[in-house]
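Student: show me how the following folds:
(2 chains)
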Amino acid sequence: MPALAITAYTATTALGRGRAAQEAALRGRRSGLRPNDFGRDPLPTWIGRVDGLEDAPLPKALAEWDCRNNRLAWMALQADGLLDAVAAARTRHGAERVAVVIGTSTASIGATEDGYARLETGADGVARFPPDLTRPIVHTPHSPGDFVRVATGLRGPCVTVATACSSSAKVFAQAARLLNAGVVDAALVGGVDTLCGSVLFGFNALGLVSSAPCRPFDRDRDGLSLGEAGGFALLERATAGHGGLQLRGYGESSDAHHMSSPHPDGLGASLAMRDALARAGIAAREVGYLNLHGTSTPANDTIEARAVAALFPDSLHASSTKGWTGHTLGAAGIVESVFALLALEHGLLPGILHSTLHDEACGAQIRFDNAEDTTIRYAMNNSFGFGGNNSALVFGRA
Amino acid sequence: MSTLVARIEGIGFWLDGLPSWADAVTHAATGTLGAEGGKPVARLLAPNERRRAPPSVAVALDVAQAACDAAGRAPADLPSVFTSTHGDLGITDYMCATLVSDPRALSPTRFHNSVHNAAAGYWTIGAGCLHPATALTAYRASFAQGLLEALSQLACGDPAVLLVAYDTSDVGPLGQVSRSEGLLGAALVLSTDNGDAPGTRLRATLTDGTAPASRGALAQRGAGNAMAPMLPLFDALATGGDLVVLDAGGGRVLRVELAHG
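Tutor: Model (predicted):
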């Protein structure tokens, strides 16, 4: 596929707001995880919580969209000059020629949960949401996409992709298609997911939550830590002589296996990675850094490591950064794409946090320590979701 | 924008009282109804899973398979785009109510079925399909944006793609803000136009505007469902109409021209 220029990018996670905060924490191996303090009845686990959302209501003009998830989207949009870059693209191409493609898993279901917790019974005996939550747009899964459209004034196609934890990786693929089909000249992609009862108690019901900070690829790993995050990137056609970061390829596939367990041979993961490399037109050995899905569940990590070992040489530096941010679900794709872009821009190859014991079932590509390599030209990001929904992205430096 | 094109190879349809595309076409022409009281069936799933399939999965898989059958395409051979305004409102109601009453009792199966891509996931699992599947939403523009993504996939080189749209009935307090009546699903197998093959051609252009109210028989009958904004297209397909204007969100519309061949 033709390379696409990434003309702006940002992430806000438990590590802080914007790229500098992400880079400093990755470099200093400082985790954003803390003991769970979310909700009325917290499970004994660790979470990656973003500070300050409770005290950051949306501006009055956007009050209809106000909820935890859209507050995080708004906070993330304001870092790293992203809104200015979007405004410049809007002027350059016209608002109708810039798409909004946002990934999420839970959207603003936290607001719906809140509505059920605060139901009011009227004189007719019917239980209703309190008036402050009787706002249809925050109870539908398109809430984040619609919010970003209104907040940015963009008028191109506007979609929310909701394929669980692959969502905000797939937005890059969908935006690339809209650009390559000539529908638009630029696309604002991204993803937002916030902590809520549904995911904390849902993953707990599946037995996938650890009581300790997650330890991806550690021999004794016993589950994930959940997190919340938001991030964005602006994609445009690469012009001749463009010297910056690029989206070079994407790959997508289905496992055709199970709703919440990965294919035992990593079939879908392999297909997505091979497809991404093929679309980028590069060999596996040219990839300098791979950000793994690496949820820290016993099954996911073994299967992913095996698929990686079958495709890449031992020299690859591959890691999961979920020990820093927690698993940010529908935002994991954009957050970990930002980490891959930071690797390309600064030569910072993160390792894995909290993990100390290598699992013999996982190959030499899995690196616990950070490394520096300013010569890498390509970085990759894997994101896999429920439903056996897989996506892999290849980024490059022109 | 550039105009995107496709050939419609197969159509699947399910609405209460109109459990197939043939029933929908007859209803659009004569006003008669098919069998009342039936339920959509996810034939692709193993019997055990079929019985437990939530309404969203049942209706999506029913129409998806009907469209593939009509097109003579194997479900395993197609990438797919699933679009739904609200996903499964019954599951969302269950999740939110259980979180209030007893959060530690949340059902793991209901949790993984609560993801917006549950129908897409079950489809690829049932079909043994390794091709990409996506699941998206855009409120009242969900169908138009799903169609746009399907057409973009064709424009970027996929020879054929399955588009599935559905919404379920609202349940509980959530229904006061996310309204939707009954079950509605429709699916299209779309392919790149190779000139001579039979079938209806579709040309879509995104432009400014407002979608007009529709008086079509299907649009009237399914008006209460959240996926109703797609019905003008199916009315036109049923009656030989040649232009449809679909809500694409934010003051934009997808203008769809049809040429019946």
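
Student: what packs against whichever helix or strand B:Leu163 is part of?
Tutor: In the assignment (DSSP states H and E), B:Leu163 maps to strand B:160-167. For strand B:160-167, the elements it packs on are helix B:55-71, strand B:80-83, helix B:118-127, helix B:142-155, strand B:184-191, judged by 3 or more C-beta pairs under 8 Å, 6 or more residues apart in numbering or on different chains; DSSP states H and E. The C-beta positions use only the backbone N, C-alpha and C, and glycine is treated the same way.

Student: what about the helices in the chain?
Tutor: Assuming you mean chain A. In chain A, the helices defined using DSSP state H lie at A:19-28, A:68-77, A:82-93, A:109-117, A:143-152, A:167-180, A:197-205, A:267-280, A:298-311, A:322-325, A:332-346.

Student: wrong one, chain B
Tutor: Across chain B, reading from the start of the chain, the helices by DSSP H fall at B:21-30, B:47-52, B:55-71, B:89-101, B:108-113, B:118-127, B:142-155, B:217-221, B:231-239.

Student: ok, which of the ones you listed comes nearest chain A?
Tutor: Closest to chain A of the helices of chain B, according to C-beta to the nearest C-beta: helix B:118-127, at 2.4 Å.

Student: before we move on, the earlier item: okay if I get the helices of chain A as JSON lines plus mean neighbour count?
Tutor: JSON lines is the format used below for these (neighbours: other C-beta atoms under 10 Å in any protein chain shown):
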{"stretch": "helix A:19-28", "mean neighbour count": "18"}
{"stretch": "helix A:68-77", "mean neighbour count": "26"}
{"stretch": "helix A:82-93", "mean neighbour count": "17"}
{"stretch": "helix A:109-117", "mean neighbour count": "24"}
{"stretch": "helix A:143-152", "mean neighbour count": "26"}
{"stretch": "helix A:167-180", "mean neighbour count": "29"}
{"stretch": "helix A:197-205", "mean neighbour count": "23"}
{"stretch": "helix A:267-280", "mean neighbour count": "23"}
{"stretch": "helix A:298-311", "mean neighbour count": "21"}
{"stretch": "helix A:322-325", "mean neighbour count": "29"}
{"stretch": "helix A:332-346", "mean neighbour count": "27"}
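
Student: could you dump these to TSV with mean pLDDT and distance to B:Ser152?
Tutor: Conversion of those to TSV gives the following (pLDDT from 0 to 100; distance: least, C-beta to C-beta, whole Å):
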stretch	mean pLDDT	distance to B:Ser152
helix A:19-28	98	30
helix A:68-77	98	24
helix A:82-93	98	18
helix A:109-117	98	28
helix A:143-152	98	16
helix A:167-180	98	4
helix A:197-205	97	30
helix A:267-280	98	15
helix A:298-311	96	28
helix A:322-325	98	31
helix A:332-346	98	19
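
Student: get me the contact residues on the stretch 1-150 of chain A for chain B.
Tutor: When proximity is defined by C-beta under 8 Å from any C-beta of the partner chain, the stretch 1-150 of chain A lies next to chain B at A:1, A:41, A:96-97, A:105, A:109, A:112-113, A:115-117, A:119, A:127-129, A:134-137, A:139-142, A:145-146, A:149.

Student: how much space separates B:Gly222 from chain A?
Tutor: As judged by C-beta to the nearest C-beta, to the nearest Å, B:Gly222 and chain A stand 19 Å apart.

Student: mind checking pLDDT for that residue?
Tutor: In the prediction, the pLDDT value recorded for B:Gly222 is 97.

Student: pLDDT at B:Ala35, what is it?
Tutor: With respect to pLDDT, B:Ala35 has a value of 69.

Student: what of the one 10 residues further on?
Tutor: pLDDT, the model's per-residue confidence, is 95 for B:Leu45.

Student: what is the burial count for the closest residue to chain B within chain A?
Tutor: Proximity of chain A to chain B (C-beta to the nearest C-beta) peaks at A:Gly387, 2.4 Å away. The tally of other residues near A:Gly387 (other C-beta atoms under 10 Å in any protein chain shown) stands at 32.

Student: ok, and the closest non-adjacent residue to it?
Tutor: B:Gly121 (2.4 Å; C-beta to C-beta, 6 or more residues apart in numbering or on different chains).

Student: so what pairs up with the residue sitting nearest the centre point of chain B in the strands?
Tutor: Closest to where the C-alpha atoms of chain B average out (C-alpha atoms, centre = their mean) is B:Ala165, at 1.3 Å. Beta-bridge pairing of B:Ala165 under DSSP bridges involves B:Thr83, B:Ala186.

Student: my read: it touches B:Ala64, true?
Tutor: No - with the criterion set as C-beta atoms under 8 Å, B:Ala165 and B:Ala64 do not qualify as a contacting pair; they are 10.1 Å apart.

Student: okay, and the common contacts of those two?
Tutor: With contacts taken as C-beta atoms under 8 Å, 6 or more residues apart in numbering or on different chains, the residues that reach both B:Ala165 and B:Ala64 are B:Ala187.

Student: chain A contacts on the stretch 151-261 of chain B?
Tutor: For the stretch 151-261 of chain B, the contact set with chain A under C-beta under 8 Å from any C-beta comprises B:151-153, B:155-156, B:173-174, B:176-178, B:206, B:208, B:248-252.

Student: try 10 Å
Tutor: Within the stretch 151-261 of chain B, the positions near chain A by C-beta under 10 Å from any C-beta of the partner chain are B:151-158, B:172-174, B:176-179, B:204-208, B:226, B:248-252, B:254.
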